[in-house]
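>>> show me the folded form of this:
(one chain, ligands or ions: 1)
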Amino acid sequence: MKAAVMRGERRIEIEDVPTPEPGPDQVLIKIKYSGLCGSDVHRFQYGMAEPGSIMGHEFCGEVAVVGANVTAWKEGDRVIGGGGTPLDGVTRPTSGPRYSARTVGFKTPGWGGFAEYAVMDAWRPLRIPDKVSWETAVLAEPCAIAVHAVRRSRFRVGDRAVVLGAGPIGLLVQQVLQAGGARAVYVSEPAPARAEAARSLGATEVLDPLSRDVVARVLELTDGLGAPVAFDCAAAKPTLQQGLEMVCRGGEVTVVSMAWEDVPLLTVEWIGREVEMKASYGSTPEDWQIVLGLMEQGKINSGPMVGQDSFIGFGDMQSTLSRLITPSDQIQSVLVP
Ligand SMILES: [Zn+2]
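Down below sits the predicted model:
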């Protein structure tokens with residue numbers, strides 16, 4: 001099969017590799033779509049994926065081969081490649097005692113989603129509800145990140161919320177907040193196409209941080225008090241500081257995206273309001289179940305996020321990952337293997 005294999009810092013090669021064979025308790029998935037994640041871009045950019053590894057952890061496809069002991073799946077079932085609840089006796093996969101993360105399709109050698117096929121333990125995939133399109137299903141993993149962030153936060157139904165950054169994660173946090181009954185969701189985003197996506201997904205107001213003082217505008221929109229919750233989904237230089245300044249007294253900023261360089265913080269601007277900062281990382285099987293429910297109810301709209309401009313072939317992988325290193329107007333890139 002064809003696969004995009006990491007071969008070093010900023011180098012991904014398209015290679016013919018043996019198609020993996022499922023063991024008795026595994027399934028082989030023929031990949032339909034495989035989303036490119038910001039974290040894939042970082043691993044590519046900083047050489048953090050081991051040579052020989054196949055990245056890609058946001059994929060969906062059809063079951064192609066079922067292992068001898070597997071009864072839960074049959075050939076042709078539509079699945080999301082991940083999010084399953086570990087069977088009794090299987091410890092939850094983590095990358096180590098200090099972190100919570102899944103292990104398939106990340107930096108270690110093995111089979112990820114940037115390939116024609118991937119093999120998985122049979123408990124790992126999730127069934128795609130009939131009503132849910134492939135374009136929506138491919139967003140399940142980032143949507144689980146968004147659900148995790150909103151559920152970790154102190155957001156309550158009826159709150160006004162701010163989302164900083166309208167990349168895929170920001171747009172999904174926005175939609176989860178809306179599904180959760182936000183009174184208003186204000187989105188800060190400088191790239192016009194991303195801002196437009198936030199608008200078309202129903203943002204109450206989209207603020208351009210390059211042309212206006214976004215902190216002042218959020219204060220204006222919230223009776224001078226600030227919003228109770230903000231989500232940093234950008235990890236741009238100024239966004240964490242802006243989030244901390246935008247929240248009300250005792251408000252909370254949930255940090256969803258990772259900054260890979262120093263971000264400046266001026267504590268005098270927010271410490272007097274006793275704000276809180278919380279990190280959100282990864283997702284749990286429970287979050288994925290919530291995602292399936294939201295998708296089935298039509299609460300997650302992939303239309304403005306995954307469209308014809310999103311799809312790329314193997315031949316575009318090197319150039320697309322290279323291009324995504326610098327901030328872009330692109331929303332979600334999806335490999336069609
Ligand atoms: Zn991801």
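
>>> residues in contact with stretch 288-308?
With contact meaning CB atoms under 8 Å, 6 or more residues apart in numbering, stretch 288-308 is reached by 80, 82-85, 126, 129, 131-133, 135-140, 143-144, 147, 151, 168, 171-172, 175-176, 178-179, 196-197, 200-201, 331-332, 334. Just so you know, the C-beta spots here come from the backbone N, C-alpha and C atoms, and that holds for glycine as well.

>>> change it to 6 Å
For stretch 288-308, contacts defined as CB atoms under 6 Å, 6 or more residues apart in numbering pick out 83, 129, 131-132, 135-136, 139-140, 143-144, 147, 171, 175, 179, 197, 200-201, 331-332.

>>> what's the span of it from first residue to last?
Start-to-end span of stretch 288-308 (CA to CA, to the nearest Å) is 26 Å.

>>> flag every buried residue along it.
288-292, 294-295, 300-302, 304-306 (16 or more other CB atoms under 10 Å).

>>> next one: that stretch to chain centre, how far?
12 Å (CA atoms, centre = their mean, to the nearest Å).

>>> for the record, mean pLDDT for it?
In this model, stretch 288-308 carries a mean pLDDT of 97.

>>> does the most centrally placed residue in the chain count as helix, strand or coil?
Compute the mean C-alpha point of the chain, and by CA atoms, centre = their mean the closest residue is Pro142, 2.4 Å away. Look at Pro142: counting by DSSP: H, G, I helix; E, B strand; the rest coil, its state is helix.

>>> show me the contacts for it.
Counting by CB under 6 Å, 6+ apart, Pro142 touches 168-169, 172.

>>> check Val247 too.
By CB under 6 Å, 6+ apart, the residues touching Val247 are 226-227, 230, 253, 275.

>>> what does Ala4 show for phi and psi?
Ala4 adopts backbone torsions of phi -100, psi 110, taken as degrees, to the nearest 10.

>>> the residue lying closest to it once chain neighbours are set aside: how many residues sit nearby?
Of all residues not flanking Ala4 in the chain, Phe114 sits nearest, at 4.0 Å (CB to CB, 6 or more residues apart in numbering). Look at Phe114: counted by other CB atoms under 10 Å, it has 29 neighbours.

>>> which ones are touching Phe114?
Counted by CB under 6 Å, 6+ apart, Phe114 has contacts 4, 34, 54-56, 335.

>>> coming back round to it: which one of the contacts of Val247 is nearest to Glu50?
Set against Glu50, the nearest of the contacts of Val247 by CB to CB is Val253 (33.6 Å).

>>> give me the three-state assignment for that closest one.
Per three-state DSSP, the secondary structure class of Val253 is strand.

>>> per-residue pLDDT, the residue nearest to it when sequence neighbours are not counted?
Nearest residue to Val253, sequence neighbours excluded (CB to CB, 6+ apart): Gly243, at 4.2 Å. For Gly243, the model assigns a pLDDT of 98.

>>> who's in contact with the helix or strand Gly243 falls within?
For Gly243, the element it lies in under DSSP states H and E is helix 239-246. By CB under 6 Å, 6+ apart, the residues outside helix 239-246 that reach it are 162, 164, 214-215, 218, 226-227, 230, 232, 253, 263, 265, 269-270, 275.
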